[in-house]
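Asks: sequence plus predicted model, see below.
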Amino acid sequence: MTLNPQLNKDGALKHLLTIDGLPRAILTHILDTAEGFVSVSEQEVKKVPLLRGKAIFNLFFEPSTRTRTTFEIAAKRLSADVINLNINASSQSKGETLLDTVDNLAAMQADMFVVRHAQSGAAHMIARHVAPHIHVVNAGDGRHAHPTQGLLDMFTIRKYKGEFHNLRVAIVGDLLHSRVARSQIHALTTLGVPEVRVIAPKTLLPTGVEQMGVHVYHEMAKGLKDVDVVIMLRLQNERMRGALLPSAQEYFKYYGLTPDKLALARPDAIVMHPGPMNRGVEIDSAVADGKQSVILPQVTYGIAVRMAVMSILAGN
Amino acid sequence: MTLNPQLNKDGALKHLLTIDGLPRAILTHILDTAEGFVSVSEQEVKKVPLLRGKAIFNLFFEPSTRTRTTFEIAAKRLSADVINLNINASSQSKGETLLDTVDNLAAMQADMFVVRHAQSGAAHMIARHVAPHIHVVNAGDGRHAHPTQGLLDMFTIRKYKGEFHNLRVAIVGDLLHSRVARSQIHALTTLGVPEVRVIAPKTLLPTGVEQMGVHVYHEMAKGLKDVDVVIMLRLQNERMRGALLPSAQEYFKYYGLTPDKLALARPDAIVMHPGPMNRGVEIDSAVADGKQSVILPQVTYGIAVRMAVMSILAGN
Amino acid sequence: MTLNPQLNKDGALKHLLTIDGLPRAILTHILDTAEGFVSVSEQEVKKVPLLRGKAIFNLFFEPSTRTRTTFEIAAKRLSADVINLNINASSQSKGETLLDTVDNLAAMQADMFVVRHAQSGAAHMIARHVAPHIHVVNAGDGRHAHPTQGLLDMFTIRKYKGEFHNLRVAIVGDLLHSRVARSQIHALTTLGVPEVRVIAPKTLLPTGVEQMGVHVYHEMAKGLKDVDVVIMLRLQNERMRGALLPSAQEYFKYYGLTPDKLALARPDAIVMHPGPMNRGVEIDSAVADGKQSVILPQVTYGIAVRMAVMSILAGN
């Protein structure tokens, strides 16, 4: 009934590639399932046998200790066997194509590929290519999507705010290069957040961002006014070297989240950041470590959300 | 009764270093044992407890994501604890000798070393050196041997052809630098294949290859005639840079396996390749992905064969 | 009752950061606990479920295959989930602070951090920072301490000599740069060894070493006289390049442990070395492989001692 490559013919989740196009019921099912896994990580024995004997391959074509670690922990808490592959020096340099590499790993009876790749669309290409029993999770592809990050952000918002239908959410910073922001926007609009704002200088906004259903602001003073949730984006250092930005100091002055600027939001507003943070660039330490910050709970919930995604896709 | 360093005094397998000199009964026992493990990898829970609590060290002195991964998966499906060691930058650079490194790891109560090394004979040297309760598997040493690859190739041939005694097998390509070919030839002749052919330009044939019991061909047209099995070898890119070969295009023209050339073999001939493939160099994509190709089943069977070897050597 | 950051308010071990300041009862408790784990590593199934479902992070900011491997094996024999993080290229290069990295990993519900860092005090800083339920083990920080190495040395001495109160122990070599020596001296004096000697050229002795309760010698002939235990230290190659030492040959002549020099010690003296050895620099092969050498048993006992430390800190 659907052409969505992430869903099987019964409408159940087969791959998690992007939040774009996923029905609200699927997102809610993931968040509800994650709810049950939060407590697993708080037990003495942080383990459930849901993926026992399953082989999960972390295929990281781009280095990322942090994201790889969260998937590894989530898989181990589900009792899966995890194989970490940092694919640069070896197969790729031996002239093998990406799809040959994937075919070979699939032939080792993989159950799931968690894929991080510098090129947008890599996870989709792999999902289209693999046999039906193999599940693909996009752990970040180029500037395109990072759906588990988007989902853990939604989980965090729901934990602190209870509901989505009455929220004002602002996403601040380098939206142009951010796969995280794209996933967040799709998730927020799908889950019924009535007002999603983006705040950024023109040089860091993708063209046509308004068509994603967001309100565009260029000034923090206006954009942060009365919001319930502030999501800061990481500003990658390499952006400063190009022509996009004058300097880190300048950026911090206009778009860095300081206590003063945060005071414009609602008093109970929460502050989020996908990490790793550049303190003093996009966020002030007083805010990062302040009482409105939920940045570390995001990490904690990220494990539960990834456990939920993996168990929904491949659970025994 | 035997001086074969791979066998104990009862004639049972203690190490797997090379196929050269192993009796047919041992090879057949490994293949028969692997037969039982094929189904393990197809179960929902891909795990058996045969090596539970055993410590298996992957000692890779030469990088190889693919081979290391197959051993890691095989060990995990047998419930062993696997420790991956990529030994370059650390111990070796600290001036420690290879045997001191091995002694140290052995002192951590290792049960098995899976060794990949650029130098021929490295696995033998380690096997001679370690205490009797430690088992060594050669995962490729220099140009010498790669016995588990040879065994998985035999397993694949038996799966598709049923028997060995009535087969014509051709091995095509860079035999000079190939430890894989050497292991295949020993396995094929030991298992009773009556006609083993090698097809290669003179510059890529080791001197005295005829003494291994093979028929030498320099032309595909003659060598492929009526064979049941075609085994293509990988042509390493670095060979092209030296004086051995004119160019990849030239090589492909004369020795690349195309549908036309494959048509000279028996209509039910199977095509094998140890991977990673250089499409358009030693093999045409139409053949690699064609219906006679069993290249991906080789990978699948490779897991079962490695599980068989490991469980025979160290099973509880 | 105590300000020792390693102990909780009941005086039980919370972190293992340094042997300096730990009461004798704690050291003895670790050694006694390790005694029970020696046999685990000798079983067919080398596993106990004491840390099942615990998440142990090996945080190695400095490469060390050997030490990382011993902790990994120890953790796996206790049935913990181990996550290896070699932190250089990734988070640190992304501009994140050390404590932000630690906070993030802690938020993934880590139970223990095993920390190796080039800077003295790194493990202490992390221990001060983390939440109370997280345990920190110092696996070597700068020139400061390497307490599990010190403990495994004590375990080895007790195994071979039975008691501490009647021993003469000599530590030979580069004490200036050695975190190992510092940990050994604290352990030996705490456990009641009446005479601890250090033997080194002046350029390789830290100022004020006498205040640690040791006797200083500059000549092997005098320092080794009648000792029960000789602990050789590794001489790092990079020391030779500076002004501290004339050459490796020269060093070996004066301070390298040869059979001749060892003959000055008691006939039943044991020889120890933390590894990796530089044969022909600080130790002669005839001694390293001789019958007084207990260098490989040190490695074996190192696993048991690390299992003891981990299970005391975080056991279910």
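Replies: Perfect, thanks for sending it.
Asks: all contacts plus neighbour counts: C-alpha atoms, from now on.
Replies: Noted.
Asks: check which residues of stretch A:113-126 are buried.
Replies: A:113-117, A:120-124, A:126 (16 or more other Cα atoms under 10 Å in any protein chain shown).
Asks: just give me the closest of those to C:G208.
Replies: Using Cα to Cα, A:R116 comes nearest to C:G208 of the buried residues of stretch A:113-126, at 52.8 Å.
Asks: for the helix or strand encompassing the closest one, packing partners?
Replies: Here A:R116, judged by DSSP states H and E, is contained in strand A:112-117. Packing partners of strand A:112-117 (3 or more Cα pairs under 8 Å, 6 or more residues apart in numbering or on different chains; DSSP states H and E): strand A:55-60, helix A:122-129, strand A:135-141.
Asks: can you give me the helices for chain A?
Replies: Counting by DSSP state H, one finds helices in chain A at the ranges A:24-38, A:65-77, A:98-107, A:122-129, A:147-161, A:179-190, A:220-223, A:237-241, A:248-255, A:259-262, A:285-288, A:295-314.
Asks: if you average pLDDT over each of the ones you listed, which is lowest?
Replies: Within the helices of chain A, confidence is poorest for helix A:237-241, with a mean of 66 (mean pLDDT).
Asks: and the stretch 101-250 of chain A, which residues reach chain B?
Replies: Within reach of chain B by Cα under 8 Å from any Cα of the partner chain, the stretch 101-250 of chain A has these residues: A:103-104, A:107-109.
Asks: mind running it again at 10 Å?
Replies: A:101, A:103-111 (Cα under 10 Å from any Cα of the partner chain).
Asks: quick one: which of those residues has the most company?
Replies: A:M108 (24 neighbours; other Cα atoms under 10 Å in any protein chain shown).
Asks: who's in contact with that one?
Replies: Neighbour list for A:M108: A:55, A:102, B:41, B:69-70, B:73-74, B:296-304 [criterion: Cα atoms under 10 Å, 6 or more residues apart in numbering or on different chains].
Asks: let me know whether A:G223 touches A:E195 as I believe.
Replies: No. Counting by Cα atoms under 10 Å, A:G223 sits too far from A:E195 to count as a contact (11.2 Å).
Asks: which residues are common contacts for those two?
Replies: The contact sets of A:G223 and A:E195 overlap at A:169-170, A:215 (Cα under 10 Å, 6+ apart).
Asks: pull out the buried residues from those.
Replies: Buried positions within these, assessed by neighbour count (16+ other Cα under 10 Å), are A:169-170.
Asks: pLDDT and distance to A:H144 for the shared contacts of A:G223 and A:E195 - can I get that in TSV?
Replies: Formatted as TSV, the shared contacts of A:G223 and A:E195 follow (pLDDT from 0 to 100; distance: Cα to Cα, whole Å):
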residue	pLDDT	distance to A:H144
A:V169	98	21
A:A170	98	20
A:H215	97	20
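Asks: mind checking which of the shared contacts of A:G223 and A:E195 land in strands?
Replies: When DSSP state E is applied, those are split such that A:169-170, A:215 fall in strands.
Asks: buried sites along stretch A:46-62?
Replies: For stretch A:46-62, burial by neighbour count (16+ other Cα under 10 Å) applies to A:46-48, A:50-62.
Asks: for it, how far is the first residue from the last?
Replies: With Cα to Cα, to the nearest Å as the measure, stretch A:46-62 spans 29 Å from end to end.
Asks: that stretch vs chain B: in contact?
Replies: Yes. Residues of stretch A:46-62 are located near chain B by Cα under 10 Å from any Cα, namely A:51-55, A:57.
Asks: can I assume A:T148 is in contact with A:V180?
Replies: Yes. Contact criterion Cα under 10 Å: A:T148 and A:V180 qualify, at 9.2 Å.
Asks: okay, the two: which has more neighbours?
Replies: Here A:T148 and A:V180 are set side by side on neighbour count (other Cα under 10 Å), and the busier one is A:T148, at 27 against 22.
Asks: which residues touch A:V193?
Replies: Per Cα under 10 Å, 6+ apart, neighbours of A:V193: A:163-169, A:185, A:187.
Asks: which of those residues count as buried?
Replies: A:164, A:167-169, A:185, A:187.
Asks: what is the burial count for A:Q211?
Replies: Using other Cα under 10 Å, A:Q211 is surrounded by 8 other residues.
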